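1. this is a predicted model, with the sequence first.
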Amino acid sequence: MLILALACVLPAGALAANHGFERWLAEFSARAEQAGVSKQILSQTLSGMKVDAQVIRLDRKQPEGKISFTQYKKNIVSAERIRLGYQHYHTHRKLLQQISTHYGVPAPMILALWGIETNYGSFTGNSDVVRSLATLAYEGRRAQFFEDQLLTLLTLIQQGDIKNARPSGSWAGAMGHCQFMPSSFERYAVDWDKDGVKDIWRSLPDVFASIANYLKTEGWTHQTGWGRAVTLPEHVNLVHEDLYRPLSHEALGARGIDVPAFEGSAYLMHPGTKAEGAFIVYQNYHTLLHWNKSRYFATAAGLLADEIAK
């Protein structure tokens with residue numbers, strides 16, 4: 001009778017999706033248990049779960065037309081985000097200096113990534129991350145990736161590294177102020193305040209240190225910045241490989257580009273179109289690309305950090 005009643009109010013597709021999801025959930029639970037997740041944790045986190053149709057809609061939504069780098073930069077490196085970053089820089093100066101010195105990562109860059117990811121923690125996402133990851137793993141577009149993330153998350157919960165059995169985050173599974181996926185949390189999250197919890201949801205010391213640890217682990221060096229805008233001579237045309245081929249001071253000079261000798265090897269690139277400007281970037285820029293593969297994002301993060309530091 002309950003199934004008949006549900007059929008009266010739910011579309012046939014929704015019922016089919018839930019039945020398919022329940023089968024997938026049972027199969028995943030068996031795999032997770034074999035991988036070492038206890039029945040208690042599986043029951044605590046997955047019991048009674050239903051597919052999240054909104055997550056599927058968002059994942060399948062066709063991306064809108066790509067905006068220009070100029071518009072993207074205007075949106076990200078906004079006067080308000082700069083103002084808030086500068087404000088946080090001074091409010092948390094002592095803490096940021098300690099973390100910056102420990103990891104060799106500039107405080108403005110820590111703040112820039114925090115500001116871009118969650119607007120300085122003002123919106124970290126209100127989705128049930130366990131449910132989101134389970135839905136995305138069931139959906140199938142990137143099934144193995146999301147199943148691996150879900151398994152990592154359940155393992156972290158079982159180990160006590162994440163205290164909340166149903167952590168909140170984005171619809172795609174990114175968590176906390178720095179929007180770490182479970183695998184990133186496992187590798188980079190830091191308990192800076194030494195309270196026994198790596199809390200990227202409520203502890204700013206942990207948030208700042210986790211961002212810095214990510215960058216340091218992925219190759220950030222204090223010897224150079226991220227990059228800077230440069231005016232190219234008219235005859236210089238960039239190619240795709242310029243972002244991945246380091247150029248010496250002499251090689252840059254041969255192209256007619258004014259680069260101080262102390263800057264050493266560098267890369268050239270356009271984040272957008274040629275008309276929107278060129279940048280000389282360093283190895284640290286590739287570290288930012290590891291955080292987010294978008295040139296728009298990496299360049300805007302560097303520019304925001306520069307503005308916060310002024």
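-> Thanks, I have it. Residues are numbered from 1 along each chain as shown.
2. nearest residue to residue 281 in space, please, no chain neighbours.
-> residue 227 (3.3 Å; Cβ to Cβ, 6 or more residues apart in numbering). Where C-beta positions appear, they are placed from N, C-alpha and C, glycine not excepted.
3. same deal with residue 141?
-> residue 59 is the one closest to residue 141 (Cβ to Cβ, 6+ apart), at 6.5 Å.
4. and the one you found, what pLDDT?
-> Model confidence at residue 59, given as pLDDT, is 91.
5. same question for residue 85.
-> Residue 85 carries a pLDDT value of 98.
6. quick one: the residue nearest to residue 281 and residue 247, what's the gap?
-> Distance from residue 227 to residue 247, counting by Cβ to Cβ, to the nearest Å: 13 Å.
7. for these two, work out which one has more neighbours and name it.
-> Neighbours of residue 227 and residue 247, each counted by other Cβ atoms under 10 Å, are more numerous for residue 227; the result is 25 against 19.
8. dump the residue contacts of that one.
-> 266, 279, 280, 281, 282, 284, 285, 299, 302 (Cβ atoms under 8 Å, 6 or more residues apart in numbering).
9. what are the phi and psi values for the first one?
-> Okay, so that is residue 266. Residue 266 has phi and psi values of phi -150, psi 180 when expressed as degrees, to the nearest 10.
10. do the same with the fourth one
-> As for residue 281, its main-chain torsions (degrees, to the nearest 10) stand at phi -130, psi 160.
11. excluding chain neighbours, what is closest to the residue nearest the centre of the chain?
-> Compute the mean C-alpha point of the chain, and by Cα atoms, centre = their mean the closest residue is residue 179, 5.2 Å away. Leaving aside its sequence neighbours, residue 179 sits nearest to residue 117 (Cβ to Cβ, 6+ apart; 4.4 Å).
12. element containing the one you found?
-> Residue 117 belongs to helix 107-118 when elements are defined using DSSP states H and E.
13. list the helices and strands that helix packs on?
-> Packed against helix 107-118 by the contact rule (3 or more Cβ pairs under 8 Å, 6 or more residues apart in numbering; DSSP states H and E) you find helix 79-91, helix 93-103, helix 204-217, helix 295-309.
14. same thing but at 6 Å, please
-> On a contact count with 3 or more Cβ pairs under 6 Å, 6 or more residues apart in numbering; DSSP states H and E, helix 107-118 meets helix 79-91, helix 204-217, helix 295-309.
15. which element follows that helix toward the C-terminus?
-> Next element after helix 107-118 (DSSP H and E): strand 127-128.
16. which secondary structure elements does the helix or strand that that following strand is followed by contact?
-> For strand 127-128, the following helix or strand on the C-terminal side (DSSP H and E) is helix 129-139. Judged by 3+ Cβ pairs under 6 Å, 6+ apart, helix 129-139 is in contact with helix 53-60, helix 143-159.
17. any chance of those in JSON lines with mean neighbour count and distance to residue 215 as columns?
-> Output for the helices and strands packed on helix 129-139, formatted as JSON lines (neighbours: other Cβ atoms under 10 Å; distance: least, Cβ to Cβ, whole Å):
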{"stretch": "helix 53-60", "mean neighbour count": "15", "distance to residue 215": "28"}
{"stretch": "helix 143-159", "mean neighbour count": "19", "distance to residue 215": "21"}
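18. residue 219 is nearest to which of the ones you listed?
-> In terms of Cβ to Cβ, the element of the helices and strands packed on helix 129-139 nearest to residue 219 is helix 143-159, at 22.6 Å.
19. work out the gap between that closest one and the centre of the chain.
-> Mean-position distance between helix 143-159 and its chain equals 17 Å (Cα atoms, centre = their mean, to the nearest Å).
20. also stretch 234-252?
-> With Cα atoms, centre = their mean as the basis, stretch 234-252 stands 28 Å off its chain's centre.
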